[in-house]
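Trainee: coordinates only, sequence not included:
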């Protein structure tokens, strides 16, 4: 007789696949075993994974003195997950008993039931103050030195502090930000996005079914605003799915063409447009092959390492590495150059990436300007744009340690350029 696995067991399996095999959380949660859980149980399992990844550094710090040697990965992950659950409000009796039971279900881990029980009993004695003082989870070895060189070791420590804080929920609204802020008990951020005071089931919030808003980090909402008034303008949104920026443009009155290479992601974009009752032309194609005429503006949200989104996706450090970075940089350059074929003379280009790496941001604009006379950087302007965010070459650099008092933001880079015409760089 089969029985439904517990959320903790499913979470442990998923956690071990992320840390041990480098699988993405989104892939893990699509496995068949997750479908056997109720929606509430799936939410619990996913929360257990994300919190364990977010606080893994703290957990290891307080676990290590209580271990003669590090046990096999699955047992270590079980201890980490249970410790973090204990430290974040879990009932001691239930958490410890369930962990011991899970250890006993597996032939390889069953001999370590006693270890799991003994160590977790000690964890129940750890005070809140000790937990709060434990060090934050460090960024991976391939990434930390690069960021320290670019921004300083102190800045990287602030990034890690920001990554240890569960991110708030940001929304972009079609209109009446103040009105929706009141209905949703949200704050209106300086850039115009809404930030909710408390997270919950997104689809149950007022305005979801009627399509009056969509989830979009405040940093990701800023690139569109660099274009200013887009009413009536023809705009090409490259790498558009899942559609946050497309919906922004459409809601602002632009004639948008949304382009993405992924058919499944474009289907999601279409669903989002339908829910929000917004219109855009959707095209599934490779941006390097697309020939759809010229536009008043192009928004290129280029493929990147996504290192700026670790605060929302703590699995990324275990999935991504520096392998492929050079290929991504080359692709970004190809796509940047290709935009000249889509722009009217004097047309505007916004280049952006959700990356903390200069190679994918500031350095790309420097390269473009040195390799070609076709573009010039324009001074960025947008509601709430802090002058301190403007970088030396004229772009905008956002970091997770900005707005620390209100919950931070994703790491992002963006630049506004004008197309002057001419020949592409070789």
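Mentor: Perfect, thanks for sending it. What you are looking at is a predicted structure, and each value in this text was computed from that prediction instead of being measured.
Trainee: drop to CA atoms for contacts and neighbour counts, all remaining ones
Mentor: Noted.
Trainee: all strands of the protein, in order?
Mentor: Taking DSSP state E to define them, one finds strands in the chain at 170-173, 186-188, 194-196, 213-215, 234-238, 255-260, 281-284, 295-301, 343-353, 375-377, 396-398, 412-419.
Trainee: and those strands: which comes nearest residue 248?
Mentor: strand 170-173 (7.6 Å; CA to CA).
Trainee: phi, psi for residue 127 please.
Mentor: Residue 127 adopts backbone torsions of phi -80, psi 160, taken as degrees, to the nearest 10.
Trainee: where does the stretch 301-426 of the chain dip in pLDDT?
Mentor: Filtered on pLDDT under 70, the stretch 301-426 of the chain yields the residue ranges 422-426.
Trainee: one more time with 80, if that's ok
Mentor: Scanning the stretch 301-426 of the chain for pLDDT under 80 picks out 320-322, 421-426.
Trainee: circling back: can I get the strands of the chain in JSON lines with distance to residue 110 and mean neighbour count?
Mentor: Formatted as JSON lines, the strands of the chain follow (distance: least, CA to CA, whole Å; neighbours: other CA atoms under 10 Å):
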{"stretch": "strand 170-173", "distance to residue 110": "44", "mean neighbour count": "24"}
{"stretch": "strand 186-188", "distance to residue 110": "48", "mean neighbour count": "20"}
{"stretch": "strand 194-196", "distance to residue 110": "44", "mean neighbour count": "23"}
{"stretch": "strand 213-215", "distance to residue 110": "43", "mean neighbour count": "20"}
{"stretch": "strand 234-238", "distance to residue 110": "52", "mean neighbour count": "25"}
{"stretch": "strand 255-260", "distance to residue 110": "48", "mean neighbour count": "24"}
{"stretch": "strand 281-284", "distance to residue 110": "50", "mean neighbour count": "17"}
{"stretch": "strand 295-301", "distance to residue 110": "48", "mean neighbour count": "24"}
{"stretch": "strand 343-353", "distance to residue 110": "46", "mean neighbour count": "23"}
{"stretch": "strand 375-377", "distance to residue 110": "62", "mean neighbour count": "21"}
{"stretch": "strand 396-398", "distance to residue 110": "47", "mean neighbour count": "25"}
{"stretch": "strand 412-419", "distance to residue 110": "46", "mean neighbour count": "25"}
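Trainee: and the helices in the stretch 251-400 of the chain, which stretches?
Mentor: In the stretch 251-400 of the chain, the helices defined using DSSP state H, counting those that start in this stretch lie at 263-276, 316-319, 325-338, 362-371.
Trainee: which of these sits most buried?
Mentor: Of the helices of the stretch 251-400 of the chain, the one with the most neighbours on average (mean count of other CA atoms under 10 Å) is helix 316-319, at a mean of 19.
Trainee: hang on, the earlier thing: nearest to residue 118, of the helices of the stretch 251-400 of the chain?
Mentor: With CA to CA, the closest approach to residue 118 among these belongs to helix 316-319: 28.8 Å.
Trainee: mind listing residues that contact that closest one?
Mentor: 18-19, 22-24, 139-140, 307, 310 (CA atoms under 8 Å, 6 or more residues apart in numbering).
Trainee: just checking, which of these belong to helices?
Mentor: Counting by DSSP state H, these place 18-19 in helices.
Trainee: make a markdown table from the contacts of helix 316-319 and add distance to residue 358 and neighbour count to it.
Mentor: Below are the contacts of helix 316-319 laid out as a markdown table (distance: CA to CA, whole Å; neighbours: other CA atoms under 10 Å):
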| residue | distance to residue 358 | neighbour count |
| --- | --- | --- |
| 18 | 27 | 22 |
| 19 | 27 | 18 |
| 22 | 25 | 17 |
| 23 | 26 | 19 |
| 24 | 24 | 21 |
| 139 | 16 | 20 |
| 140 | 17 | 13 |
| 307 | 11 | 21 |
| 310 | 16 | 24 |
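Trainee: and which of the contacts of helix 316-319 is nearest to residue 222?
Mentor: Closest approach between those and residue 222, by CA to CA: residue 307, at 17.5 Å.
Trainee: how far out from the middle of the chain is stretch 404-415?
Mentor: From the chain centre to the centre of stretch 404-415 is a distance of 11 Å (CA atoms, centre = their mean, to the nearest Å).
Trainee: offset the numbering so it begins at 21, please.
Mentor: Yep, numbering from 21; the last one is stretch 424-435 now.
Trainee: for residue 116, which of the strands of the chain is the nearest?
Mentor: With CA to CA as the measure, strand 214-216 is the member of these nearest residue 116 (33.4 Å).
Trainee: let me know the average pLDDT across the closest one.
Mentor: Average pLDDT, strand 214-216: 96.
Trainee: what residues are up against residue 197?
Mentor: For residue 197, the contact set (CA under 8 Å, 6+ apart) comprises 208, 212-214.
Trainee: if I look at it, how far off is residue 224?
Mentor: Here the criterion is CA to CA, to the nearest Å. By it, residue 197 lies 19 Å from residue 224.
Trainee: what of residue 103?
Mentor: According to CA to CA, residue 103 and residue 224 sit 31 Å apart.
Trainee: just residue 353 next, same as before
Mentor: Remark: distance between residue 353 and residue 224 (CA to CA) = 41 Å.
Trainee: report the beta-bridge partners for the nearest residue to residue 235 once chain neighbours are set aside.
Mentor: Using CA to CA, 6 or more residues apart in numbering and skipping residues adjacent in sequence, the residue nearest residue 235 is residue 191, 4.5 Å away. Under DSSP bridges, the beta-bridge partners of residue 191 are residue 214, residue 235.
Trainee: any idea of the pLDDT on residue 191?
Mentor: What the model reports as pLDDT for residue 191 is 97.
Trainee: please report the distance of the residue lying closest to residue 219 once chain neighbours are set aside from residue 332.
Mentor: Take residue 219 and drop its neighbours on the chain: the residue closest to it by CA to CA, 6+ apart is residue 189, 6.4 Å away. In this view, residue 189 and residue 332 are 10 Å apart by CA to CA.
Trainee: go on, residue 436?
Mentor: Per CA to CA, residue 436 is found 26 Å from residue 332.
Trainee: and residue 72, by the same measure?
Mentor: As for residue 72, its distance to residue 332 is 13 Å (criterion: CA to CA).
Trainee: picking up where we left off before, so which of the strands of the chain comes closest to residue 91?
Mentor: Here strand 432-439 is closest among the strands of the chain (CA to CA), at 38.2 Å.
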